[in-house]
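1. Sequence and predicted model, in that order:
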Amino acid sequence: MDFSRRDFLKGAAATAATVAFTGVMSGCTAKTNAETPAPENAAVNTKWYDENYFKKPNPITNIAETIDVDVVVVGAGNGGCISAVSALDLGAKVAWVEQGAGVITFAGEIAALNSKIAMERYGVSYTEEERNKIVNDICRYASYENEQRLVKLWAENSGRTMDWFVDKMAAKNVDMFLETDLYETSTYTTPAVTHTVFKKGEFVEMGPNYMGSQLANPVWEQYADEMGVQKLFKHTAKQLIQDNNGKVTGIVVQRNEDEKYIQINVSKGVILATGGYSGNPEMMSALRYRDKDAIVNNLGGHGHNGDGIKLALWVGAAMDRNHAGGIAFNRAALDLDHHVGEPYSSGLSDIWWAGSQPWLKVNTRGERFMNEDGPYDFQINGGITQPDRYWFQIFDSNYWEDVNAFHTTICGRVVAAKGARNSEVLPGVFPCKNKSEFEGAFLNPGLESGRLIKADSIEDLANQLGIPAVEFARTVERYNELAAKGYDSDFGKTSRNIRPVIKAPFYGIALGNWLLCTFNGIRINTNMQAVTENGDGIEGLYVVGNDSGGFFANSYPQYYGGLAQGRTSCFARLAALHAVTDSIYEA
């Protein structure tokens, strides 16, 4: 692993120098009369976001019931599950609030450095110098508009929090896998950091495997039940409670069934893990979210209403001043009228998982416009700058040979390989062992949906896709010339990935931006406490996962597979530790 790791660290710095998503959910939805906003005091907007949208509501006073606990965790996704179990594990009395009926089981890749399982089972470790290079690479990716101390905190503590995770899962017959089959091109290289759970004794080397949060989070819920959590699922978080000194001392939630209000008083703190705001276009507008009108699909956004962020803002917390900030994939298949923007699609059938393959990419004018080798966010950023904010992916009947040559990894993997987790990422979507499986998992469903177009000639493909046939033919001819030479003098694409488009039938599909989740959120300190505009911690209030900010900015470093959930998992545990013990370190 030393060679691959050094190559990654060498290439990562060069890649990031060119740069200027987990799913956690929780609880807040319908407004009531008790939540009518207070009268507007100022007509002028003085902040970079829409102050009127985030106006603090009047206090809720018609409380039907009161509960006293040590810690409240709001949200039952990846962050909420870990915070709840961690606090319970430390002996705290915990109330767990979730707007839905159960835990959220989305995503599941977790990036961590120097976990025991990585070092002892897989022989993968990182020196202090290598960790610092990774930290600075992540910060360069964010143009250093993030908080480097938070990234360093993850790099130094993700291993030990992963060790706790692994030990808890092992007691429930769940094991951990580390992805060691890596990707390397002239643009970027993936490091061996991605951990994923699987059922002990049931891992099949070449897959498909059942893995991730769909397996882990029900285990966390089982732990919480066994340790006596006070579960308030189907309850919606509404307002935080503060004392005269600004300390958060509780929260008001609403029971969905009868809309009665319950006040939960806390002696230790409230942990918000409600999943960001990717399901709330109105809040995107209020936060001037840059790519709002370039989104095609927001599968995974349901219930991510930004409620935790609102709760924190209302008690004086500061928000990331970042008009971008989301985990997105270049796999959204456009409908036949090529609609981009609201209303977003959100169905599984609207995803073309092979969209991350570095086949030829052209715009609506039939022109090639960039190096197709880059990670997902690079491809999206380049694509949405083109006319109409979408692009076409083009390939020929050598598709199986192509994808084997590409050897894409992490969740973009479509070919099974040793050293990979080879998991079923969506129903019926998994890395394939042969051409027949690839056709069944990818090609045939795409054709049946009508989104993937098949044609016997380049001219016919252009006509069916609705792009200028002459310019498109010229583009394909030029691309094939580069493929024959084995060198992309136009955009610098890695030689092995310049695959010619010469064998009929030919294929094309219109693709766009699939937003998985947002990550610009409430600013936090290294104790996971929300902070004010002056950087002062708000006592009693902790924010984790996609509700929190400071870690990412502008774009998500996709080649660190599972970094979003790795940050979430690590910081969710640290938040619980600090809330209960006043330290992020175990005794």
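-> Right, received. Where do you want to start? Keep in mind it's a predicted model, so treat the numbers as computed, not measured.
2. So residue 411: helix, strand or coil?
-> Residue 411 carries the three-state label helix when classified by DSSP: H, G, I helix; E, B strand; the rest coil.
3. pLDDT weak spots in the stretch 1-150 of the chain?
-> Residues of the stretch 1-150 of the chain that meet the criterion pLDDT under 70 lie in 1-46.
4. so where do the strands sit in it?
-> 63-74, 94-98, 110-111 (DSSP state E, counting those that start in this stretch).
5. name the helices or strands packed onto the longest one?
-> Other elements packing on strand 63-74 under the criterion 3 or more CB pairs under 8 Å, 6 or more residues apart in numbering; DSSP states H and E are helix 78-89, strand 94-98, strand 248-255, strand 261-272, helix 563-581. (Glycine included, C-beta is placed from N, CA and C.)
6. Could you pull up the mean pLDDT of the last one?
-> On average, the pLDDT along helix 563-581 is 98.
7. One more: the fourth one?
-> Mean pLDDT, strand 261-272: 98.
8. elements contacting it?
-> Counting contacts by 3+ CB pairs under 8 Å, 6+ apart, strand 261-272 packs against strand 63-74, helix 78-89, strand 235-242, strand 248-255, helix 307-314, strand 537-543, helix 563-581.
9. Within the sheet, what are the partner strands of that strand, with directions?
-> strand 63-74 (parallel), strand 248-255 (antiparallel), strand 537-543 (parallel) (DSSP bridges).
10. how far is the shortest one from where the chain is centred?
-> Offset of strand 537-543 from its chain centre (CA atoms, centre = their mean, to the nearest Å): 24 Å.
11. Now do that strand and helix 78-89, the angle between them.
-> Angle, strand 537-543 to helix 78-89, by axes from the mean of the first three to the mean of the last three CA atoms, to 10 degrees: 110 degrees.
12. Report the buried residues of strand 537-543.
-> 537-538, 540-543 (16 or more other CB atoms under 10 Å).
13. likewise stretch 180-194?
-> Applying 16+ other CB under 10 Å to stretch 180-194 flags 180-183, 185-194 as buried.
14. Quick one, which of the helices and strands packed on strand 261-272 gets closest to residue 509.
-> Residue 509 sits nearest to helix 563-581 of all the helices and strands packed on strand 261-272, at 26.5 Å, using CB to CB.
15. looking just at contacts, which helices and strands does the closest one meet?
-> Checked by 3+ CB pairs under 8 Å, 6+ apart, helix 563-581 has strand 63-74, helix 78-89, strand 110-111, helix 148-170, strand 261-272, strand 537-543 packed alongside it.
16. follow-up on the earlier one: go through the strands of the stretch 1-150 of the chain and name the closest to residue 212.
-> Nearest to residue 212 among the strands of the stretch 1-150 of the chain is strand 110-111 (9.1 Å), distances taken as CB to CB.
17. Quick one: distance of that closest one to the chain centre.
-> 11 Å.
18. And for stretch 537-555?
-> For stretch 537-555, the distance to the chain centre is 14 Å (CA atoms, centre = their mean).
19. Kindly provide the whole-number mean pLDDT of that stretch.
-> Regarding stretch 537-555, the rounded mean pLDDT is 96.
20. From residue 222, how far out is residue 579?
-> Residue 579 sits 22 Å away from residue 222, taking CB to CB, to the nearest Å as the criterion.
21. Neighbour count: these two, which is higher?
-> Neighbour count, other CB atoms under 10 Å: between residue 579 and residue 222, residue 579 has more, with 31 against 13.
22. Would you reformat the strands of the stretch 1-150 of the chain as JSON lines and include distance to residue 253 and mean neighbour count?
-> Listed next are those as JSON lines, based on distance: least, CB to CB, whole Å; neighbours: other CB atoms under 10 Å:
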{"stretch": "strand 63-74", "distance to residue 253": "8", "mean neighbour count": "20"}
{"stretch": "strand 94-98", "distance to residue 253": "5", "mean neighbour count": "29"}
{"stretch": "strand 110-111", "distance to residue 253": "29", "mean neighbour count": "29"}
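23. can you put the ones you listed in CSV and add distance to residue 242?
-> CSV is the format used below for the strands of the stretch 1-150 of the chain (distance: least, CB to CB, whole Å):
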stretch, distance to residue 242
strand 63-74, 14
strand 94-98, 18
strand 110-111, 34
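24. Nearest to residue 518, out of the ones you listed?
-> Closest approach to residue 518 among the strands of the stretch 1-150 of the chain (CB to CB): strand 63-74, 17.0 Å.
25. So residue 446 is in contact with residue 452, correct?
-> Yes: using CB atoms under 8 Å, residue 446 is in contact with residue 452, at 3.2 Å.
26. shared neighbours of those two, which are they?
-> Common neighbours of residue 446 and residue 452 are listed as 333, 352, 509 (criterion: CB atoms under 8 Å, 6 or more residues apart in numbering).
27. which residues touch the second one?
-> It refers to residue 352. Contact analysis of residue 352 by CB under 8 Å, 6+ apart lists 331-333, 393, 442, 446, 451-452, 509, 511.
28. Check the first one too.
-> Taking CB under 8 Å, 6+ apart as the criterion, residue 333 is in contact with 297, 350-352, 355, 446, 449, 451-452, 509-511.
29. since we're on residue 204, how many residues are nearby?
-> With other CB under 10 Å as criterion, residue 204 counts 11.
30. can you confirm it is in a strand?
-> No: per three-state DSSP, residue 204 lies outside any strand segment and is coil.
31. Give me the outermost residue of the protein relative to its centroid.
-> Residue farthest from the centre of the chain, counting by CA atoms, centre = their mean, is residue 470 at 39.5 Å.
32. For the stretch 151-300 of the chain, which residues score under the pLDDT cut-off?
-> Residues of the stretch 151-300 of the chain that meet the cut-off, pLDDT under 70, do not exist.
33. residues near residue 167, how many?
-> By the criterion of other CB under 10 Å, residue 167 has 12 neighbours.
34. how about the residue found closest to residue 260 once you drop the neighbours it is linked to in the chain, what does it touch?
-> Once flanking residues are discounted, residue 260 sits nearest to residue 64: 4.1 Å by CB to CB, 6 or more residues apart in numbering. Counting by CB under 8 Å, 6+ apart, residue 64 makes contact with 260-262.
35. how far away is residue 64 from residue 473?
-> From residue 64 to residue 473 the distance is 70 Å (CB to CB).
36. Please apply the same query to residue 236.
-> According to CB to CB, residue 236 and residue 473 sit 56 Å apart.
37. what about those two, which has more around it?
-> The residue with more neighbours, out of residue 236 and residue 473, is residue 236; 24 against 16, by other CB under 10 Å.
38. beta partners of that one?
-> Bridge pairing for residue 236 - DSSP bridges - gives residue 254.
39. re earlier: now the contacts of residue 64: which count as buried?
-> 261-262.
40. what about the closest residue to residue 491 other than its chain neighbours, which SS state?
-> Leaving out its chain neighbours, the residue that sits closest to residue 491 by CB to CB, 6+ apart is residue 371, at 4.1 Å. Put simply, residue 371 is coil when judged by three-state DSSP.
41. Start at 551, not 1
-> Okay, residue one is now 551; in that scheme the one you just asked about reads as residue 921.
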